[in-house]
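Novice: for reference, the sequence and a predicted model appear below.
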Amino acid sequence: LIEPTMREAFRRANAAAPGYITRAASYVHRRVRHEAGAPLSYHAWGIAVDINSADNGGRYIARPPAPWSEEWMRLWPRGVPEGVVEAFESVGFRWGGRWKGYVDNMHFEWVG
Ligand SMILES: [Zn+2]
């Protein structure tokens, strides 16, 4: 069911940042943060995708810097470009780079 939306997100992302996405991973049957007792991850439903994980490692930051600010760019110099985030958000994905605490900027999950 998610396939057309996922394809459209990638089409828009590739138009916004040609060549940026070199690796993407979606389905994994697991719980959130691999923690026993946590709810099933969006990855377990195939409605989440991680983009270029090597360049977008998640980390705990209580008060993360604004995306694409100077500090942000020091943490993730080859991190997800704004156009890729806009592409995914425009079709209903939520971006983990906007989270507080555990910032997961490789992660997009579909919330409709
Ligand atoms: Zn993820």
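Specialist: Yep, that arrived. Keep in mind that what you see is a predicted model, and the values were worked out from it rather than measured. Numbering: from 1, shown residues only.
Novice: show me what residue 103 is bridged to.
Specialist: Counting by DSSP bridges, residue 103 forms beta bridges with residue 59.
Novice: doesn't residue 56 make contact with it?
Specialist: No: Residue 103 is not in contact with residue 56 according to Cβ atoms under 8 Å; the separation is 9.6 Å. Yep, even glycine has a C-beta here, placed from its N, CA and C like the rest.
Novice: okay, and the common contacts of these two?
Specialist: Taking Cβ atoms under 8 Å, 6 or more residues apart in numbering as the criterion, residue 103 and residue 56 both touch residue 97.
Novice: which of those two has more neighbours?
Specialist: Each of residue 103 and residue 56 has its neighbours counted (other Cβ atoms under 10 Å); residue 103 has more, 23 against 20.
Novice: run through the residues that contact that one.
Specialist: Residues near residue 103 by Cβ under 8 Å, 6+ apart: 58, 59, 60, 61, 64, 96, 97.
Novice: restrict those residues to those near the ion?
Specialist: Among the contacts of residue 103, no residue lies close to the ion (Cβ under 5 Å from the ion).
Novice: with respect to the ion, which of those is nearest?
Specialist: residue 96 (6.6 Å; Cβ to the ion).
Novice: do you know how far that closest one is from residue 79?
Specialist: Remark: distance between residue 96 and residue 79 (Cβ to Cβ, to the nearest Å) = 12 Å.
Novice: and what of residue 20?
Specialist: Distance, residue 20 to residue 79, by Cβ to Cβ: 10 Å.
Novice: and the two? which has more neighbours close in?
Specialist: Shown here are residue 20 and residue 79; by other Cβ under 10 Å, residue 79 has more neighbours (22 against 17).
Novice: distance of residue 22 from residue 55?
Specialist: Residue 22 is 9 Å from residue 55, by Cβ to Cβ.
Novice: give me the more crowded residue out of those two.
Specialist: Legend: neighbour count by other Cβ under 10 Å for residue 22 and residue 55, higher for residue 55 (16 against 9).
Novice: and the nearest residue to the more buried one once chain neighbours are set aside, what pLDDT?
Specialist: Distances taken as Cβ to Cβ, 6 or more residues apart in numbering place residue 78 nearest to residue 55, at 4.0 Å, with adjacent residues excluded. With respect to pLDDT, residue 78 scores 97.
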